[in-house]
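J.: Build me a model:
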Amino acid sequence: MKNILFLICILFATLSNAQNLSELLGNTQKGHKISGEIKNMQDTTVILAYYFGGKQYVTDTAVVTNGKFTFSGDKQLDGGIYLIILPGGKYFELIISEQKFSFTTDINNLVASMKFNNSRENDAFYTYLNFITSQQQKVAPLKERLANAQENEKKKIQEEISEVDNLVRDYRDDFQSKYKDVFFSKIISATTDIVIPETPLDSTGKPKENFPFYYYKKHFWDNMDFSDNKMLRTPIFFNKMDQYLEKFSPKHPDSIIVSADILIEKAKANKEIFKYVVSYITSTYERSKIMGMDAVFVHMVEKYYMTGQCDWVKEKQLNKIIERASRISPNMIGKKPPNLVFKDTSNQYHSLYHLEAEYTLLYFYDPDCGHCKKETPKVKAVCDSLMGAGIDIKVFAVTTEFDIEKWKEFIRKYNTGNWINVGDIQFDKEGNPVATSNWREQYDIYSTPVIYLLNKDKEIIAKRINDKQIVKIIQREE
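T.: Next up is the predicted model:
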């Protein structure tokens, strides 16, 4: 049973919008007009804002004169939970479904004093909000008593709390039955916890391991209406999506991909929600700081962008997204990257694939790069220490530039002669430097230094790491 305090927290964190009443009534009038009166309020300005993607955005301001103000415009407002923000940090929420309505309240008690005209949606919302507030006021002292009660008193107090819980549950059910046509009923559903059944027994007669978790995750979206895009302009949708991907999905790209596909399939019920979910997941995991999560980005591009499902993306931008995924794809964790066959300073060829070692540190650097000059001594110290400890690790160091003298000077200065120092340094007939292949794109080298760590089969076990991570990763592998 959800306790009343948690219900209140969810209510305040996740309020949203309602179905467009003008559509239901066949009202073709365009624009919006929301008039308010806040008694006992000084002349000032107020802000109209809305929720989207875990943030709040300002959409309008209004001047308050004698407590009265109006937000109006020629275009209809997108449905959702909106906030009217007052000076001093005070605010209250409205559900924008009807486009033309008014309200009155009092600055000293914004919620309890609220009255609406021509807004069935907000009438229902504040009726529910006032009831929940009253029950919270009942249960708060009970919780306080329970925390300090003797053992023989706790049972009675818990029974009193349960009575309030049951009352709230019954009220919620009655409310949703009475107000089926208002969007706020969908909000209540979306914030109602999934009821987890008793854990079944496995073939050995023991309770199935982790059954509650897997059941909860499987039914996580049962109460969400994906067909209504007004859900996007509430705190609910983003918070649940973030929880589903970040807390209920293991921090592994394969697990995230499974969860993402499940969520996106449900999001197809509404084009706007589909667009938001696909765009959010794609951009989030492209920028992820967690190593290996770029595999999620590549999956998203290959499954949704390259198959023509993202028709909102213009061709030029689409090509950039596809190109980015194509650069990442060959060098994802677990893959064997393209071979590199380059010359050393004595014009002798060395092949990455022919280098025999338990671990190969692939180090791309620019001899003129300030960050490379700081990082190289650290990498050298770490690798020397690992070699001294008996770890079979070799360094395949690739200069990314064409100045041979600077390259040689760099090797001498930083004492990296025990590394395999190579470069793709070729020149055309006119003496201009040229590369023999597109290894920069294949290894996604757009800055330096870049470190890859390969196993004995030359499969990538880590990439874009720093000197401190090298030891930790090898310790994990060992």
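
J.: farthest residue from the center of the protein?
T.: Lys429 (51.6 Å; Cα atoms, centre = their mean).

J.: Now do the phi/psi pair for that one.
T.: Dihedral pair for Lys429: phi -60, psi -30, per degrees, to the nearest 10.

J.: cool, and Asn438?
T.: Torsion angles, degrees, to the nearest 10, at Asn438: phi -100, psi 40.

J.: Would you map out the domains in the chain?
T.: 4-170, 211-331, 341-477 (automatic domain parsing).

J.: Can you show me the strands along the stretch 101-250 of the chain?
T.: 115-117 (DSSP state E, counting those that start in this stretch).

J.: how about the helices of it, start to end?
T.: Under the criterion DSSP state H, counting those that start in this stretch, the stretch 101-250 of the chain carries helices at the ranges 120-148, 151-178, 183-190, 211-218, 235-246.

J.: In this structure, what helix or strand scores lowest on average pLDDT?
T.: Lowest by mean pLDDT, DSSP states H and E among the helices and strands of the chain is helix 4-13, with a mean of 36.

J.: how many neighbours does Thr436 have?
T.: 12 (other Cβ atoms under 10 Å). (Each C-beta comes from the backbone N, C-alpha and C, glycine too.)

J.: that's a helix at it, yeah?
T.: No. Counting by DSSP: H, G, I helix; E, B strand; the rest coil, Thr436 is not part of a helix but coil.

J.: Could you double-check that it sits in contact with Ile425?
T.: No. Thr436 is beyond contact range of Ile425, at 9.4 Å (criterion: Cβ atoms under 8 Å).

J.: Can I get stretch 82-102 in PDB? Just the C-alpha atoms.
T.: Output of stretch 82-102 as PDB, limited to C-alpha atoms (Å, rounded to 0.1, in the frame of the first residue of the first chain):
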ATOM      1  CA  TYR A  82       2.000  24.800 -16.400                       C
ATOM      2  CA  LEU A  83       3.300  26.800 -13.500                       C
ATOM      3  CA  ILE A  84       2.400  30.300 -12.500                       C
ATOM      4  CA  ILE A  85       5.500  31.600 -10.800                       C
ATOM      5  CA  LEU A  86       5.100  34.500  -8.300                       C
ATOM      6  CA  PRO A  87       7.800  36.700  -6.800                       C
ATOM      7  CA  GLY A  88       9.700  35.200  -3.900                       C
ATOM      8  CA  GLY A  89       9.700  31.700  -5.300                       C
ATOM      9  CA  LYS A  90       6.000  30.900  -4.700                       C
ATOM     10  CA  TYR A  91       4.200  29.100  -7.500                       C
ATOM     11  CA  PHE A  92       1.100  27.000  -8.300                       C
ATOM     12  CA  GLU A  93       0.200  24.700 -11.100                       C
ATOM     13  CA  LEU A  94      -2.500  24.600 -13.700                       C
ATOM     14  CA  ILE A  95      -3.500  22.000 -16.200                       C
ATOM     15  CA  ILE A  96      -3.800  23.500 -19.700                       C
ATOM     16  CA  SER A  97      -6.400  21.700 -21.600                       C
ATOM     17  CA  GLU A  98      -9.100  24.200 -22.000                       C
ATOM     18  CA  GLN A  99      -7.700  27.300 -23.700                       C
ATOM     19  CA  LYS A 100      -9.900  29.900 -22.200                       C
ATOM     20  CA  PHE A 101     -10.800  30.000 -18.500                       C
ATOM     21  CA  SER A 102     -10.300  32.100 -15.300                       C
END
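
J.: Now stretch 399-413 - C-alpha only, PDB.
T.: Below are the C-alpha coordinates for stretch 399-413, written out as PDB (Å, rounded to 0.1, in the frame of the first residue of the first chain):
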ATOM      1  CA  THR A 399      51.800  10.100 -34.100                       C
ATOM      2  CA  THR A 400      48.900  11.800 -35.800                       C
ATOM      3  CA  GLU A 401      51.000  14.500 -37.500                       C
ATOM      4  CA  PHE A 402      53.600  14.600 -40.300                       C
ATOM      5  CA  ASP A 403      56.600  16.500 -38.900                       C
ATOM      6  CA  ILE A 404      59.300  13.800 -38.600                       C
ATOM      7  CA  GLU A 405      61.800  15.900 -36.700                       C
ATOM      8  CA  LYS A 406      59.200  17.000 -34.000                       C
ATOM      9  CA  TRP A 407      58.100  13.300 -33.800                       C
ATOM     10  CA  LYS A 408      61.700  12.100 -33.100                       C
ATOM     11  CA  GLU A 409      62.300  14.900 -30.600                       C
ATOM     12  CA  PHE A 410      59.100  13.900 -28.800                       C
ATOM     13  CA  ILE A 411      60.300  10.300 -28.500                       C
ATOM     14  CA  ARG A 412      63.700  11.400 -27.100                       C
ATOM     15  CA  LYS A 413      62.300  14.000 -24.700                       C
END
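
J.: For it, give the mean pLDDT please.
T.: Averaged across stretch 399-413, pLDDT comes to 94.

J.: and if you look at stretch 434-453?
T.: pLDDT averaged over stretch 434-453 gives 89.

J.: residues touching the nearest residue to Asp202 once chain neighbours are set aside, list them.
T.: Nearest residue to Asp202, sequence neighbours excluded (Cβ to Cβ, 6 or more residues apart in numbering): Lys208, at 5.1 Å. Residues near Lys208 by Cβ atoms under 8 Å, 6 or more residues apart in numbering: 199-202.

J.: just Ser346 next, same as before
T.: Ser346 neighbours (Cβ under 8 Å, 6+ apart): none.

J.: in what helix or strand does it lie?
T.: Using DSSP states H and E, Ser346 sits within no helix or strand.

J.: Now do it, the pLDDT please.
T.: So, for Ser346, pLDDT stands at 93.

J.: Look up how far Tyr363 lies from it.
T.: 19 Å (Cβ to Cβ, to the nearest Å).

J.: What does the closest residue to Glu209 other than its chain neighbours show for phi and psi?
T.: In space, and not counting its chain neighbours, Glu209 is closest to Asp202: 7.7 Å by Cβ to Cβ, 6+ apart. Backbone dihedrals for Asp202, given as degrees, to the nearest 10, come out at phi -90, psi -170.

J.: Please give me every residue in contact with the spatially most central residue of the chain.
T.: Nearest to the mean C-alpha position of the chain, counting by Cα atoms, centre = their mean, stands Asp242 at 5.0 Å. Shown in contact with Asp242 (Cβ under 8 Å, 6+ apart): Gly54.
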